[in-house]
Each structure stands twice: as structure tokens, then as C-alpha cells.
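Trainee: model the structure of this input:
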Amino acid sequence: MLKNLMFVGLIGLTGCAVRGTAGVAYTEPAPSLVYVSPGVSVIEDYDQPVFYSDNYYWRYDSGNWYRSRNYRGGWQVDARVPVAVRRIERPHAYVHYRGNVVRRGPTVRNHRR
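Mentor: From the prediction side, this is the model:
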């Protein structure tokens, strides 16, 4: 037992680090969303116009709509865009959009002003 403690202490002194999950999961904080229209929100003050609708994030780029479960990546072209999202006339007008923040994250599906 004493040898094991000494070994652990020596590892700590050498600067070695072991990373593991040990049953603890990190959950990234959800972005602040701003109401756009019924069923659609946009990430507030973000570098890209990223919308949230129907449990997905949606991004418009070069004539295509992209869908992802994560607002930071994993984008895939998707032609099955929700009607409420397709109705957004100028998606790029929502870059760095500020408005009344209605909620944090995608836990509430609809909000009325």
C-alpha cells in the first residue's frame, strides 16, 4: 500500500497527467437563443446565423441549409428544412443578432412575445 502511494506521489512530482472520464460527463452550456418567429430561435450575437427549430440547429450557407445537433459543428446538408426555418427571408441578417433573450438552450420549443 505504501509503495502504491509513493508511486502515485512520484507521478505527481514528474508532471505526468492522466485524463479520464471517471463517470463524470461534461455538458457544454447551451447558447442563448432569441425568438425569431413561431417555432424558430437564433443564437444571440453569434458569428453565423444559426437557428434552432425542431430539435436541430440550422445554418444557411451558399444556397444550402445545413442541420446539426450541435451548434458548433457536425453540419450536414439537409433538404428537409422545417417550413418555419425556410420562411426566413434573409438568414444572414441574423449574424450577431441581438434581441430579447427568451431562454437558454433548446429546452423550450415555442415562445410568444
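
Trainee: ok, residue 76 touching residue 66?
Mentor: Yes. Residue 76 lies in contact with residue 66 (Cβ atoms under 8 Å); the separation is 6.3 Å. No exception for glycine: its C-beta is placed from N, CA and C like everyone else's.

Trainee: the two - which one has more neighbours?
Mentor: The neighbour count for residue 76 versus residue 66, taken as other Cβ atoms under 10 Å, is higher for residue 66 (18 against 7).

Trainee: host element of that one?
Mentor: Here residue 66, judged by DSSP states H and E, is contained in strand 64-68.

Trainee: what helices or strands is that strand leaning on?
Mentor: If you count contacts as 3 or more Cβ pairs under 8 Å, 6 or more residues apart in numbering; DSSP states H and E, strand 64-68 packs onto strand 56-61, strand 76-77.

Trainee: for those strands, which one sits closest to residue 47?
Mentor: Ranking these by proximity to residue 47 (Cβ to Cβ) places strand 56-61 first, at 11.0 Å.

Trainee: pairing partners for that closest one, with directions?
Mentor: strand 50-53 (antiparallel), strand 64-68 (antiparallel) (DSSP bridges).

Trainee: okay, those strands, which one's buried deepest?
Mentor: Neighbour counts (mean count of other Cβ atoms under 10 Å) averaged over each of the strands paired with strand 56-61 peak at strand 50-53, with a mean of 24.

Trainee: residues touching that strand, excluding its own?
Mentor: 31, 33, 36, 39-43, 57-59, 71, 82, 84-85, 88, 91, 94, 106 (Cβ atoms under 8 Å, 6 or more residues apart in numbering).

Trainee: so of the residues you listed, which ones are in helices?
Mentor: Using DSSP state H, the members of these that fall within helices are 84-85.

Trainee: give me the residue ranges of this protein where confidence is low.
Mentor: Filtered on pLDDT under 70, the chain yields the residue ranges 1-22, 100-113.
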